[in-house]
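Colleague: Just to be clear, the model below is a prediction. Sequence and coordinates:
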Amino acid sequence: ALGGKTHITVTMHDDTELLEEVVVVGYGTMRKADLTGSVGSMGKKDMEAPVANIGQALQGKVSGVQVIDAGSPGDNVSIKIRGLGSINNCDPLVVIDGIPTDLGINAINMNDVERLDVLKDASATAIYGSRGANGVVMITTKSGASGKGKLTLNAGVGMQTGMNIPTMLTSAQYAQLNNEMMYNAQQNANPDWVDPSELTQSTDWMKEMMQMGLLQNYNLNYSGGSDKNHYYVSFGYQQHQGLIKTSDYKRFTLQEKSDAQVLKWLRFDHALTFSHDIKSGGAYSISDGLRALPIYSIKDASGEWTGPEGNSMWYGSTRNPIGPMEVYQSTTKGYNLLTSLAAEITFCKQLKFKTMFAFDGKFWFTDSFSPAYDWKPSPTEISSRYQSNNRSFTYTWDNYFTYNQTFKKDHHLNVMAGMSMQWNDFMWSNMTKEGFMFDNVNQFDNGQEPATIGGSRSEWALMSFMGRANYNYADRYMLTFTVRGDGSSRFGKNH
C-alpha cells in the first residue's frame, strides 16, 4: 500500500507540445506526430552542457547512438548509430543546414546550434540513399527572430583532470621487485641495488606528463529581425588544453544566417559557417609513460635528457617519455567554410519550389619537425621535417518541389520531389626533407638529403533524383513512401 491507500487513480494526458514538435528530415521538416521513422532529437538546452564539442553533448542523450570521444583536444568524436552496419566505414552522414558534408562536427560551435536530429532507421534515412545506411545526423544552426536586435555574450571556463591514473612504483619499490625477478629467474641481480631503500630519487612519469586541462569558451552573437527578414551573426573562440602538457587546441568560428521575404512569393536564405583551428602537440606515448622506470630523473646534471643504458634487464629499454614531448614539434592548421544560398518560390499555398547552391571548402596543413638527438637507448640519428597540404572543394545544388494539402479535414498529404547534384575536387601533397645542420634553421632548402615528395588529385560526382510522400489519416494512420536513385562517377558507364 502507498500511504495507507490500496487504490490509486492515475490519469494520463497527451503531451501535445511534444507531438506538435517539428523535426528536421531530409529536404524538409515534419511534425514529430507524423513520423513513421525513428528520429532522436536534441534541443539548444542540451547544448548548454559544459563540454568541448557537440559530439560530447550528444553522449547519452539519444537512444541507439553510441559516441566515443577520441580524447585528444580537437579530435572528432566517433558516432555509431544502432551498432556497426559494415566492415568498412560505419560513420553516419552529417548534414548541416541541409548540406551533406564530411566536415567534422568538432568544427561547429555548439553555441550556434539550434537543434540536432538523428535519423536512425531505414524509413527515416532512405531519402539519402546508400549514404544514409549508417544513419544521418542533421544539424540546424540558429536563426534570428523578429524583434529588436539583441547582443549576447557567453563565457565559460572549465577544468579537466585525469581519473583512475595508476599509482606508479618508486625507485626503491622497482629495485626490490627487479631483484626478486632476477633471483627467481636465477639471474644476477644489480649489485647497485643490494639495498633498494638507498634509492631515494624517483620520477613519476605519468605525473610529469599530465596536467590539469583548461577549457575556455567565449561567444558573442547579435540577432534580430522584422516580419520579412531575420539575421543572426556569431563569433566564437575556444581553447582546450589537454591532459598531456604539450597538447593544445584553439578554434575560431564565425556564423552568419539570414533570410529575407523580398516578395510575397519569393524568399531568400543565406547561411555561412567558418572555422579556423590550430592543433599542436609533441610526440607523446602513454604506454611509454607507464613503462619508463622511476630510477631516472628527467634530465641529468648536464641538462641532457636521460635514458636507459646498460643491462636492459636491470635498467629497462623504454625511452625518456618527456623528452620527445618537449623536443618534437607538430602543428595542424585547418580552415573550413560551409556556405549556402537558397531561394524559395511559393506558387500557391500548397505548392513551393526551393533551389539551393552550397559550397563546402576545407584546407588543412600539417607541419612537423623531428631533430636529431642521442636518445637512449635508441637515438634519432638524422633530423627531418614533414609538411602536408590538403584541399577539398565540394559543390552542391539541390532543387525540389513540396506539396502540402489537407483533404476533407482528416486526409493530409505531403509530397516532396526533386534532384540533387554534388561534385568534389580533392588535392593533397606532402614533402619530407632530412639532414638539417641546425635545428633552428630547418627550412626545406637547408636539408642535405634528397626530398621525398608525394601528392595526388581526385574527383567524384553524384547526381540523384528523390521523392517522398507522407499520408496521414486523422492523426492515427500514417504511411510514408520514399524513393531515391543515385548516379555516381565512382562507377563505370551504365551503372
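Modeller: Nice, thanks for sending it over. Numbers count the residues shown, from 1 in each chain.

Colleague: Dump the C-alpha coordinates for stretch 227-244 into CSV.
Modeller: Taking C-alpha atoms only, stretch 227-244 is exported to CSV below (Å, rounded to 0.1, in the frame of the first residue of the first chain):
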residue,chain,number,x,y,z
ASP,A,227,8.3,40.4,-40.2
LYS,A,228,10.1,40.0,-43.5
ASN,A,229,13.7,39.4,-42.7
HIS,A,230,15.8,37.9,-39.9
TYR,A,231,19.6,37.8,-39.1
TYR,A,232,22.0,36.1,-36.8
VAL,A,233,25.7,36.7,-36.5
SER,A,234,28.1,35.0,-34.1
PHE,A,235,31.8,35.0,-33.2
GLY,A,236,33.3,32.3,-31.1
TYR,A,237,36.7,31.3,-29.6
GLN,A,238,37.6,28.1,-27.8
GLN,A,239,40.9,27.0,-26.3
HIS,A,240,41.3,23.4,-25.0
GLN,A,241,44.5,22.4,-23.2
GLY,A,242,44.7,18.7,-22.9
LEU,A,243,45.7,16.5,-20.0
ILE,A,244,49.0,16.0,-21.7
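
Colleague: Show me what counts as buried in it.
Modeller: Across stretch 227-244, burial judged by 16 or more other Cβ atoms under 10 Å covers 229-236, 238-244. C-betas here are computed from N, CA, C, even on glycine.

Colleague: Show me how far it is from its chain's centre.
Modeller: Stretch 227-244 sits 15 Å away from the centroid of its parent chain (Cα atoms, centre = their mean, to the nearest Å).

Colleague: do the same with stretch 53-65
Modeller: Counting by Cα atoms, centre = their mean, stretch 53-65 is centred 12 Å from the centre of its parent chain.

Colleague: Can you name the residues in contact with it?
Modeller: Outside stretch 53-65, the residues within contact range by Cβ atoms under 8 Å, 6 or more residues apart in numbering are 38, 40-42, 46-47, 49, 51, 67, 69, 76-77, 79-82, 105-106, 108, 110, 113, 116, 118, 120, 135, 139.

Colleague: Any quick ChimeraX command for the buried ones out of those?
Modeller: Buried residues among these (16+ other Cβ under 10 Å), as a ChimeraX selection:
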select :38,40,41,42,46,47,51,67,77,79,80,81,105,106,108,110,113,116,118,120,135,139
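
Colleague: from the contacts of stretch 53-65, which ones fall inside strands?
Modeller: Among these, the residues falling in strands (DSSP state E) are 40-42, 67, 79-81, 113, 116, 118, 139.

Colleague: could I get those residues as TSV with pLDDT and distance to residue 167?
Modeller: Shown next, in TSV, are those (pLDDT from 0 to 100; distance: Cβ to Cβ, whole Å):
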residue	pLDDT	distance to residue 167
40	90	41
41	90	43
42	89	39
67	91	30
79	92	34
80	92	34
81	92	39
113	93	41
116	93	40
118	93	40
139	94	42
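
Colleague: Need the max-distance pair from those residues.
Modeller: Pairwise distances across these peak at 20.7 Å for 80 and 113 (criterion: Cβ to Cβ).

Colleague: Output stretch 203-210 as PDB - backbone C-alpha positions only.
Modeller: C-alpha atoms of stretch 203-210 as PDB (Å, rounded to 0.1, in the frame of the first residue of the first chain):
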ATOM      1  CA  THR A 203      60.300  10.100 -11.200                       C
ATOM      2  CA  ASP A 204      56.600   9.500 -11.600                       C
ATOM      3  CA  TRP A 205      56.500   9.800 -15.400                       C
ATOM      4  CA  MET A 206      52.700   9.800 -15.700                       C
ATOM      5  CA  LYS A 207      52.500  12.700 -13.200                       C
ATOM      6  CA  GLU A 208      55.200  14.600 -15.200                       C
ATOM      7  CA  MET A 209      53.400  14.100 -18.500                       C
ATOM      8  CA  MET A 210      50.000  15.200 -17.300                       C
END
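
Colleague: Going by neighbour count, list what's buried in that stretch.
Modeller: 203-206, 209-210.

Colleague: farthest pair in those residues?
Modeller: Across the buried residues of stretch 203-210 (Cβ to Cβ), the longest gap, 13.3 Å, separates 203 and 210.

Colleague: Can you pull out the low-pLDDT segments for this protein?
Modeller: 1-5, 12-20, 495 (pLDDT under 70).

Colleague: Let me see the ranges of the helices in it.
Modeller: 16-19, 54-58, 122-125, 171-184, 205-209, 286-291, 312-315, 322-327 (DSSP state H).

Colleague: Enumerate every residue touching residue 453.
Modeller: So residue 453 contacts 429-431 (Cβ under 8 Å, 6+ apart).

Colleague: Separate out the buried members of the residues you listed.
Modeller: For these, buried by 16+ other Cβ under 10 Å: residue 431.

Colleague: Please identify which of the contacts of residue 453 is nearest to residue 381.
Modeller: residue 431 (20.5 Å).

Colleague: So what's the residue count around the closest residue to residue 117 other than its chain neighbours?
Modeller: Distances taken as Cβ to Cβ, 6 or more residues apart in numbering place residue 138 nearest to residue 117, at 4.3 Å, with adjacent residues excluded. Using other Cβ atoms under 10 Å, residue 138 has 24 neighbouring residues.

Colleague: Was I right to think residue 138 contacts residue 92?
Modeller: No: taking contacts as Cβ atoms under 8 Å, residue 138 lies outside contact range of residue 92: 9.9 Å.

Colleague: hey, what's in contact with both of the two?
Modeller: With Cβ under 8 Å, 6+ apart, residue 138 and residue 92 have common neighbours residue 118.

Colleague: Residue nearest the middle of this protein, spatially speaking?
Modeller: Residue closest to the mean C-alpha point of the chain, counted by Cα atoms, centre = their mean, is residue 76 at 2.8 Å.

Colleague: Could I get the full set of strands for the stretch 301-450 of the chain?
Modeller: Ranges of strands in the stretch 301-450 of the chain, per DSSP state E, counting those that start in this stretch, are 329-346, 351-370, 384-407, 411-434.

Colleague: closest to residue 25 out of those strands?
Modeller: strand 411-434 (9.3 Å).

Colleague: Report the buried residues of stretch 117-136.
Modeller: Buried residues in stretch 117-136 (16+ other Cβ under 10 Å): 117-120, 123-129, 131-136.

Colleague: One more: stretch 288-295?
Modeller: 288-289, 292-295.

Colleague: re earlier: would you turn the buried residues of stretch 203-210 into JSON lines with distance to residue 394?
Modeller: Converted to JSON lines, the buried residues of stretch 203-210 look like this (distance: Cβ to Cβ, whole Å):
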{"residue": "203", "distance to residue 394": "49"}
{"residue": "204", "distance to residue 394": "48"}
{"residue": "205", "distance to residue 394": "44"}
{"residue": "206", "distance to residue 394": "43"}
{"residue": "209", "distance to residue 394": "39"}
{"residue": "210", "distance to residue 394": "39"}
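
Colleague: and of those residues, the nearest to residue 370?
Modeller: residue 209 (18.7 Å).

Colleague: For that closest one, which residues are in contact?
Modeller: 244-245, 284, 286, 289, 321-322, 325.

Colleague: before we move on, back to that, for residue 309, state which of the buried residues of stretch 227-244 is nearest.
Modeller: residue 244 (26.5 Å).

Colleague: how close does the closest one sit to residue 283?
Modeller: Residue 244 sits 11 Å away from residue 283, taking Cβ to Cβ, to the nearest Å as the criterion.
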